[in-house]
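[1] whatever this is, show me its structure:
(chains A, B, C and D)
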Amino acid sequence: MAAHSDHVKHHNRICVPGEHLGLESEYHTGPGTYRRNGSIYASLAGHLCSRTEVETELPALTVLQQEIQITVPRQKSLVTCKVVSITSKFCRCDILSVESVPLTETFRGMIRKEDIRATEKDKVEVYKSFRPGDIVLARVLSLGDAQSYLLTTAENELGVVLAKSEAGVPMVPTSWCEMTCPKTHDKQLRKVAKVQPHYIAYAS
Amino acid sequence: MPTDTKRIQGPDASQSTFLYKKRANTVQPALLEEGKRQDGRSPLEIRPIFLKAGAVSQAKGSCYMEMKNTKVICAVYGPREVPRRDGFVINGQLRCEFKFATFASEVRHGHLTSHTEKDLALQVQQALEPAVCLHKIPKSQVDIFITVLENDGSVLSAAITCASIAVANAGIEMYDLVIGSSLRQTGETLLLDPTAFDETAESESTDDTQAIVTVGFLPSLKQVSCSVQQGQLQCEDSIKALQQCIDVCERYYQVVYECLKKSVKKLKSPVESPMDEAPAS
Amino acid sequence: MASIQLGEGEKTFIIHGICKDDLRSDGRTCLSYRNFELECGVVSNTSGSARLKLSNTQVLVGVKAEMGPPNPLNPSRGGIEFFVDFSANASPKFAGRGGDELAAEISNMLGLVYKNKKMLDYKSLCVIAGQCVWTLYADIVVLECGGNLLDAIALAVKAALYNTRIPLVTVHKDMDGTEDIDVSSNPHDFVTLDTKNLPVLVTVTTVGSGHIVDATLEEEACSMACIVAAVNKEGAIDGMVKKGSGSLTIDSIYKMLTSAKQIGKDLNKSLDDFLSKKGSDMSSKGFLT
Amino acid sequence: MAIFITTPRKRHVCDEFTEPQRLVTPGATITADSDFMRGHGTYMEEDELIASVAGVVEKVNKLISVRPLKTRYNGEVGDVIVGRIQEVGQKRWKVDVNSRLNAILMLSAVNLPGGELRKRSAEDELKMRQYLTEGDLISAEVQSVFSDGALSLHTRSLKYGKLGQGIMVRVSPSLIKRRKTHFHNLTCGASVILGNNGYVWITRTPTEEEEAPDGGFVQNLQPVSDEDRRVLARLRNCILGLADHRMMLYDTSVIYTYAASEDYPVADLLNPDIMKDVILKVRQQLNQEAT
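    Sure, this is the predicted structure:
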């Protein structure tokens, strides 16, 4: 999600993990780099570039691999998941992609009842928010326990982005908590996401 | 050894003719008269190596490595979720599997993973662990599969180098690369990068020390992540052998570097030179 | 090993003690070894056996000598096979196949060391070249799994091999040239093994910037890497493996190997002295102590 | 450096050791008199009271119970325990307390950093692993016992909480003598917590300015001085020695053992013969006092 105003400079240099890139006094560490003993080293094999976000600050050194970056869900990352099962207390789901990176294998996630929406938490009911099969945009709250990641949809932009009705047609959101089937005009309750343009890429 | 009942087994009592051939011969010297080895190299000469990152298209990362007749292929999958039974682990984990192809050595290997293979897998895993940023892949595991297609000595060191390139190729963050090398010491003679023959060759006098030393080295951190010594050496010789191996690792580094560089370039424009052979300096 | 979890504070305490004060939680210095109890000839059905108790670690080793066809690669040489069994007594974690991975790691380490032809007189274990040789099965049962398991096992193996008595066999040639093996019926006709070249394993564990020998379970939990060196009585290194997920500089390996060499020499000397006094003693006090 | 190898030694029974009065094994009839009430470690069969554990018969008025010689910890409300965090769960930690079942420490039963009466927010729930994570040691008090025997703990007092630098040793819970207090600041400059569950925590007595009322969430990871370390190591060996010789652990026995051990260097206490001498001295001293 790099803003376009950033000043990015390509160094036209390819580096490999462990390669010395520069001094900590000259640069920040960006993605794909790490610091050790006052110096910055590459942690990925890829192209080196430096990015200045604020003029006064030091430029951040970044190593980019041309292909998509390897990711696993981390705290605060935005994930797309598919609901697997619901209970009265929580909803289980499989994480399909992190940010814009599709995962080859899913990770288990869990949205607890109290994390479904930000307001009126006590009135939330899981079955009125999600149904198995829904595609949901959520944010990782914490790494959770051995079983699953803890996710939240307590933001306007987060929630169900794709749900199919019993007729098998994708439903159309009619309000922030309701979706309608265009074929049968059946109405169903959901915690609908207010889809943001820059999130669309992630969900697709 | 347990047998796999699902496959057709050879006759129970069959033996490779190789065993009988060997028995007929007397002890062969490690060095020929003019100070050359059986394959014509001088003792301190290493075999040219060929590396190709991205040899397995389905895998996240992969590498093929060839040192004359030692051929190793490695594929990396993941990171993926740690199986439920293993409990909560905050850091990432490496899981390594090492397998000789059944036809890799002169004596046929079994289908099932043997103890030796499990041990080699553990060595590779422990060699790579210090180099991979495991905290960047919390709650996840990375699978590394290594297959030896042909075994002509120095397999462990080849597997370490190959696996580290495959992990780097998979785009998993690493503190450093890991490069392996090995040597064989018979008496006073050091044989760098030994072939399978060099590894088993005996010196004439039985009193001589005979040892194989394998090292995994992190070239940027200047640390040793794997060190195996098989056979007897004096303490000082053991360290000398380690140092010698490290020097060889540094010689390999340039080749590994070029290989990874090419693999990155290829991602940008796939029509560049398809083969990247780089003989060791 | 059967690892335990420690809190940050406990770890810091152990690490500072080792790196700063050369004083460990039990009052030892970094390079001091605990005393241990050893007993030979504890199992009557074996050719040789030993039981060793090093604080919370207890291992029992039984050696059985059996005859069989040789390995075609070495037709005139006997052999030794190691098998480690993690008894579920030591920890319920080892029940079923739980201890297999660790067991394989240890038996591989012992195998790597004993593969060297100079260890035992493997030639003397040959009965008829190409047909019949002695194979020694060294079975190791881990009864209690405290710290420093590998060292304890190697010590017990050496003691058990010292204690091993192989029945005397004679080979007769029949009229038609076939060879016949005759095992002496007199239990006092036996040969013993020459164990003077056998090494012991010394595990040198890095903790922080220092290194220690004979680590306890708690200290092992604070360590990222260790080297296991086989050291014989002259101080030569008969094999070495780095274990654990950390990396080491060559300087620290050198220091660790030097420590291992010294400790190994001491250990061998103590063990040899003990064995020559008590090693062939078959009157066992057993487990009722 | 010499390494001593010995043959296994006989378990020494001290001369002054008196066998407990009524020792029973499971299945042994305690009494056929039906006037008595059935307590812990016993069962009734055909009007006979029979022991179900090996131990010592104890009689309180009409109640007969058998106190087992060796047991897992059976918690009682108000006990002081030392435990190790096993698992971080939803709003609770699971704690190993040497009991049959892991004890539970609810998020609502701990003092969180930033004041005793602070309300627990959803954020605290997510930061649970930052407060206490797997492997951490705590001291706590038993708040209640569930019907299945599992314990619920609390640390709602400033003397309880996360433990910092020190040594934890395990002994049998039956060796811990129940006292008014289980926190002891010893004169040698160390503090011990003799947990009722058999876990003993040995640490340096904090100086006054260090004693910050934070429930141990801010850990002092400064190196402990060489002197203090020696004291702690000696104390550890003494406590293990006492436990080895089946002596009850309480402040007096620990102090006496510490004093008696001072004739020897710390590392020598690992030698069972030396330890035996030390314990013998302590035993005599304690017997003298009792008479």
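
[2] how many residues are close by B:R184?
    26 (other C-beta atoms under 10 Å in any protein chain shown). (C-beta placed from N, C-alpha, C; glycine too.)

[3] might one say that it is in contact with B:E199?
    Yes - between B:R184 and B:E199 there is a contact at 5.9 Å, judged by C-beta atoms under 8 Å.

[4] please identify every residue contacting each of these two.
    Residues within reach of B:R184 and of B:E199 at once, by C-beta atoms under 8 Å, 6 or more residues apart in numbering or on different chains, are B:I212.

[5] which non-adjacent residue is nearest C:V213?
    C:I263 (5.1 Å; C-beta to C-beta, 6 or more residues apart in numbering or on different chains).

[6] hang on, B:I90 in a strand?
    No - read with DSSP: H, G, I helix; E, B strand; the rest coil, B:I90 is coil and lies in no strand.

[7] so the residue lying closest to it once chain neighbours are set aside versus chain C, what's the distance?
    With sequence-adjacent residues excluded and distances taken as C-beta to C-beta, 6+ apart, B:I90 is closest to B:P138, at 5.7 Å. Distance, B:P138 to chain C, by C-beta to the nearest C-beta, to the nearest Å: 16 Å.

[8] can you count the residues close to the closest residue in space to A:F90 that isn't next to it in sequence?
    Nearest non-adjacent residue to A:F90, counting by C-beta to C-beta, 6+ apart: A:R112, 4.7 Å away. Neighbourhood size, A:R112 [other C-beta under 10 Å]: 19.

[9] gap between A:R112 and chain B?
    A:R112 is 18 Å from chain B, where distance means C-beta to the nearest C-beta.

[10] residues near the closest residue to chain B within chain A, how many?
    In chain A, no residue comes nearer to chain B than A:G18, which is 3.2 Å away by C-beta to the nearest C-beta. Residues lying near A:G18 (other C-beta under 10 Å) number 24.

[11] do the same with the one 4 residues further on
    The tally of other residues near A:G22 (other C-beta under 10 Å) stands at 18.

[12] what's the nearest residue to it if we skip its chain neighbours?
    The shortest distance from A:G22 to any non-neighbouring residue, by C-beta to C-beta, 6+ apart, is to A:I40 (5.2 Å).

[13] quick check: that neighbour is in a strand.
    Yes - with three-state DSSP as the criterion, A:I40 is part of a strand.

[14] any idea what it is bridged to?
    Residues in a beta bridge with A:I40, per DSSP bridges, are A:G22, A:R35.

[15] so what's it up against?
    Contacts of A:I40 (C-beta under 8 Å, 6+ apart): A:20-24, A:27, A:29, A:33-34, A:61.

[16] format those residues as CSV; extra columns: pLDDT.
    Listed next are the contacts of A:I40 as CSV, based on pLDDT from 0 to 100:
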residue, pLDDT
A:H20, 91
A:L21, 90
A:G22, 87
A:L23, 89
A:E24, 86
A:Y27, 86
A:T29, 85
A:T33, 90
A:Y34, 91
A:L61, 82
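
[17] buried only: go through those residues for me.
    By neighbour count, with 16 or more other C-beta atoms under 10 Å in any protein chain shown, the contacts of A:I40 hold A:21-22, A:27, A:29, A:33-34, A:61 as buried.

[18] how about the residues you listed in TSV, adding distance to D:Y43?
    Listed next are the buried ones among the contacts of A:I40 as TSV, based on distance: C-beta to C-beta, whole Å:
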residue	distance to D:Y43
A:L21	74
A:G22	77
A:Y27	75
A:T29	68
A:T33	69
A:Y34	64
A:L61	74
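
[19] longest helix anywhere in chain B?
    helix B:235-268 (DSSP state H).

[20] do you know how far the residue lying closest to C:Y114 once chain neighbours are set aside is from C:I227?
    In space, and not counting its chain neighbours, C:Y114 is closest to C:I80: 5.3 Å by C-beta to C-beta, 6+ apart. For C:I80, the distance to C:I227 equals 24 Å [C-beta to C-beta, to the nearest Å].
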